[in-house]
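> just need the structure, nothing else, for what follows:
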Amino acid sequence: ILLLNSSIMPKLKRGKAELSDWSEDSGSEWDVKKRSKRGSRSSTSSDTDSIFLDATEEKRVNEKSIAGDDTESRITRRKSYINREILPDSDKKCLICDEFCMRGTEMEFLTCATCGTSFHGKCLKFDTFKTSLIRSRKYRWHCVSCKKCTNQSCKRRIEKTEKSVTCYFCDRKRHLECLDTTLTAEEQHTWACNDCHKARLPTKQEKKADFKCPIPGCDSKGHFSGKFDSHFTPIGCPKFHNLTTKEATDLAARVEKNAEMRAQAVSDAKNSTGLSQDKYMKKIAKSREYELPENMNDLVRKMIVHRETHGNNRESILQGITSDWDLIHFREAQMAVAVDQQQQFVKEKFDEMKIQYVIIGDHEIKTWYSSPYPEIYQQHIKIYVCEFCLKYMNSEILLRRHNIKCTWKHPPGNEIYRHNNLSVFEVDGKAFKTYCQNICLFAKMFLDHKTLWFDVEPFLFYVVTLADNRGCHIVGYFSKEKDSFYNYNLSCILTFPQYSKQGYGRFMIEFSYLLSKVENRAPGSPEKPLSDLGLASYRSYWTEVVMKWIVSMDENQPVSLKALSQETHVHVNDLVSTLQFLGLIKFWKGKHIIVRKQDAIDAFVVKHANKEHVRKTVHPECLSWNCPSKKK
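Below is the predicted model of the structure:
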């Protein structure tokens with residue numbers, strides 16, 4: 001017999017909710033399952049009599065629930081819902097990134113209706129438009145493994161070997177043989193399913209036209225520089241700069257006139273004497289004269305109220321805090337950045353507003369994945385990164401100004417290895433936290449499974465650089481824990497895309513094993529699970545170690561994988577998995593034997609010789625390092 005609160009009785013009668021309360025004796029939680037309307041009508045009177053209310057017991061249960069932790073947790077959840085805080089949704093995790101679901105964000109799940117596997121939309125490389133479209137539809141969504149043909153007469157699962165076409169808007173598929181007409185290669189990329197075709201969803205150009213300025217209350221009309229009819233970034237928004245569209249146009253005309261006067265003055269100075277230049281300098285000095293206003297307290301109070309009201313959605317009040325001459329030149333620099341970003345927005349073709357290119361040094365690189373840069377940088381197609389200090393900016397003009405002031409010419413920390421122009425720097429995540437966070441944010445744009453970019457203090461970063469007359473240019477890096485419980489000798493590794501397939505990945509892998517050998521640690525292994533690219537790199541290195549060992553072994557002497565592991569500091573499990581991958585280990589007569597295949601040896605020798613020109617070899621004599629274990 002269940003004691004139910006009277007406030008939930010109507011829900012029980014309607015059968016629209018799943019109810020729970022406590023039993024009278026044990027206090028355990030009981031579940032009353034959802035009942036259909038038809039079932040509630042056919043219930044007998046005895047079923048109804050078995051659920052009753054007692055005023056005394058109801059009061060006791062109410063007092064117990066109010067005093068208990070369950071009520072406090074419900075109040076907390078309710079406040080969190082009201083404040084729209086992002087809370088984990090159940091204990092499910094994404095199959096790809098192994099992270100929880102976050103309601104109301106791009107971290108919300110898409111769950112397969114067949115196998116029940118959950119994914120984040122961004123992990124499936126869906127843009128915001130496609131993810132919201134799938135959630136808004138009422139059809140049963142399926143993952144890639146369970147995807148079914150949308151043809152009503154087919155509806156069978158689409159195998160990987162079968163040719164199919166994917167909807168341009170949502171991710172539903174159909175067999176090519178189930179299409180009504182034959183499509184060309186270009187038409188297959190723009191094919192739309194029946195529902196999307198009937199809904200007349202927008203194309204890429206129409207979606208691009210739907211982008212709006214992120215500043216609240218802005219209609220995206222006008223531009224801060226006065227050179228465009230619309231804007232899509234905060235720095236190009238007149239409202240962000242506390243101006244109307246007309247005020248922004250007038251300011252732009254004044255800035256342009258000031259630039260013409262300055263250009264004329266520079267032209268005249270080339271043919272003038274020193275006296276005229278001194279006269280011009282005195283004129284500038286007079287223009288820059290500034291006195292604090294009498295109502296400075298009111299101005300400060302106004303600035304505080306402005307910040308509390310608008311937050312980061314508006315620029316701080318600049319009038320009255322400096323001279324008009326300095327303010328005009330500051331506005332001129334802002335307008336140059338706004339024009340640069342607007343031209344990028346109009347020129348590039350994209351599906352959604354996100355970082356798609358990163359400029360570092362002399363290289364412009366197409367990003368592979370999204371990275372959690374601050375929100376203001378997410379509104380730009382390109383970001384600019386200093387190749388020495390890894391500081392990120394949202395404009396080429398800001399990068400040029402930063403390069404003039406930046407005094408860094410190599411990574412921070414200690415240079416522990418140098419051979420010719422190749423160097424390795426050891427950077428402590430605790431001592432140089434900002435630099436390590438910046439390198440993790442950069443790496444996240446090219447590593448799908450990287451989840452750590454903030455808590456860098458427990459890690460050591462080893463940055464590989466190439467030196468020239470301008471400085472040490474970063475090539476890649478790897479990181480490892482200072483004290484690894486599982487004896488991992490590497491946590492994360494990345495070769496920057498502009499230096500890929502040049503042997504630097506293998507160099508960093510070999511260098512990580514050298515460090516373990518110098519520390520006199522037990523043979524280690526990289527942190528698992530490995531990404532696809534990471535597994536391919538490590539498999540190549542392990543294959544080289546195993547094949548060199550097989551070529552040099554004596555058939556008359558006993559073979560020991562443990563001895564090879566102690567010599568190379570590669571874990572025995574990794575050696576065994578490599579032998580299994582190459583098909584060189586067999587179980588015969590109750591023993592495991594290593595098969596020496598001559599064709600495999602010949603293929604390795606040829607492949608090894610072809611890569612000799614790009615191979616970067618680690619020279620132990622060039623290492624100058626005091627390992628942390630010896631310091632302790």
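
> only C-alpha atoms for contact and neighbour calcs from this point on.
Fine.

> where does the protein have low pLDDT?
1-92, 100-108, 127-129, 136-139, 186, 197-211, 272-277, 347-353, 451, 628-632 (pLDDT under 70).

> helix or strand for the residue nearest in space to the middle of it, which one?
Nearest to the mean C-alpha position of the chain, counting by C-alpha atoms, centre = their mean, stands residue 371 at 2.6 Å. For residue 371, there is no helix or strand it lies in under DSSP states H and E.

> my read: it touches residue 445, true?
Yes: Residue 371 is in contact with residue 445 according to C-alpha atoms under 8 Å; the separation is 5.2 Å.

> what sits closest to residue 421 if chain neighbours are left out?
Counting by C-alpha to C-alpha, 6 or more residues apart in numbering, residue 421 lies nearest to residue 467, which is 5.0 Å off, once chain neighbours are set aside.

> how distant is the strand or helix carrying the one you found from the center of its chain?
Per DSSP H and E, residue 467 falls inside strand 459-468. Put simply, strand 459-468 sits 22 Å off its chain's centre (C-alpha atoms, centre = their mean, to the nearest Å).

> next SSE after that strand?
Counting by DSSP H and E, what follows strand 459-468 is strand 471-481.

> ok, the helix or strand just after that following strand: who's next to it in the sheet?
Where DSSP H and E defines the elements, the next helix or strand beyond strand 471-481 is strand 488-490. Counting by DSSP bridges, the strands paired with strand 488-490 are strand 525-526 (parallel).

> who's in contact with the strand it pairs with?
487, 488, 489, 490, 491, 570, 571, 574 (C-alpha atoms under 8 Å, 6 or more residues apart in numbering).

> got TSV for those residues, with neighbour count and distance to residue 497 too?
Putting those into TSV (neighbours: other C-alpha atoms under 10 Å; distance: C-alpha to C-alpha, whole Å) gives the following:
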residue	neighbour count	distance to residue 497
487	17	29
488	18	25
489	27	23
490	24	20
491	19	19
570	25	27
571	18	29
574	17	27
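
> from these, which is closest to residue 425?
residue 490 (15.4 Å; C-alpha to C-alpha).

> just checking, the closest one touches residue 482?
No: contact criterion C-alpha under 8 Å: residue 490 and residue 482 do not qualify, at 10.2 Å.

> please enumerate the helices of the stretch 251-400 of the chain.
Along the stretch 251-400 of the chain, counting by DSSP state H, counting those that start in this stretch, helices occupy 274-287, 296-310, 324-347, 375-378, 396-405.

> tell me the buried residues in the shortest one?
Spelled out, it's helix 375-378. 377, 378 (16 or more other C-alpha atoms under 10 Å).

> do the third one as well
Neighbour counts using 16+ other C-alpha under 10 Å place 325, 327-328, 331-332, 334-339, 341-342, 345 of helix 324-347 among the buried residues.

> other residues contacting it?
Here helix 324-347 makes contact (C-alpha under 8 Å, 6+ apart) with 224-225, 227, 231-233, 235-236, 255, 287-288, 318, 380-382, 395-398.

> at 6 Å instead, please
If you take C-alpha atoms under 6 Å, 6 or more residues apart in numbering as the criterion, helix 324-347 is touched by 225, 235, 236, 288.

> of all those residues, which two lie farthest apart?
Among the contacts of helix 324-347, 236 and 288 lie farthest apart (C-alpha to C-alpha), at 26.7 Å.

> more neighbours, those two?
residue 236 (28 against 15; other C-alpha atoms under 10 Å).

> so that one sits against residue 226, correct?
No: applying C-alpha atoms under 6 Å, one finds residue 236 not in contact with residue 226, separated by 9.4 Å.

> tell me the spacing between residue 320 and residue 193.
Note on residue 320: its distance to residue 193, by C-alpha to C-alpha, to the nearest Å, is 59 Å.

> neighbour count: those two, which is higher?
In this view residue 320 and residue 193 are compared by other C-alpha under 10 Å, and residue 193 has more residues nearby, 19 against 15.

> which ones are touching the more buried one?
Residue 193 touches residue 167, counting by C-alpha under 6 Å, 6+ apart.

> got a list of what residue 566 touches?
Listed by C-alpha under 6 Å, 6+ apart, residue 566 has no contact partners.

> got it, and the one 5 residues further on?
Remark: with contacts taken as C-alpha under 6 Å, 6+ apart, residue 571 is in contact with 523, 524, 525, 565.

> any idea what the second one is bridged to?
Applying DSSP bridges to residue 524 gives these bridge partners: residue 570.

> any idea how far residue 288 lies from residue 317?
19 Å.

> if we can go back for a sec, for residue 619, state which of the contacts of strand 525-526 is nearest.
Of the contacts of strand 525-526, the one sitting nearest to residue 619 (C-alpha to C-alpha) turns out to be residue 570, at 17.8 Å.

> what is the neighbour count of residue 462?
Going by other C-alpha under 10 Å, the residues that sit close to residue 462 add up to 26.

> does it really touch residue 477, like I thought?
Yes: using C-alpha under 6 Å, residue 462 is in contact with residue 477, at 5.5 Å.

> in what helix or strand does residue 95 lie?
Judged by DSSP H and E, residue 95 forms part of no helix or strand.

> and the gap between residue 246 and residue 308?
Per C-alpha to C-alpha, residue 246 is found 26 Å from residue 308.

> quick one, which of these two is more surrounded?
residue 246 (14 against 10).

> just the angle between the helix or strand hosting the more buried one and helix 324-347, please?
Here residue 246 sits within helix 245-270, counting by DSSP H and E. On the basis of axes from the mean of the first three to the mean of the last three C-alpha atoms, to 10 degrees, helix 245-270 is oriented at 110 degrees to helix 324-347.

> list the buried residues for helix 245-270?
So for helix 245-270, counting by 16+ other C-alpha under 10 Å, buried means 245, 248, 249, 251, 252, 255, 258.
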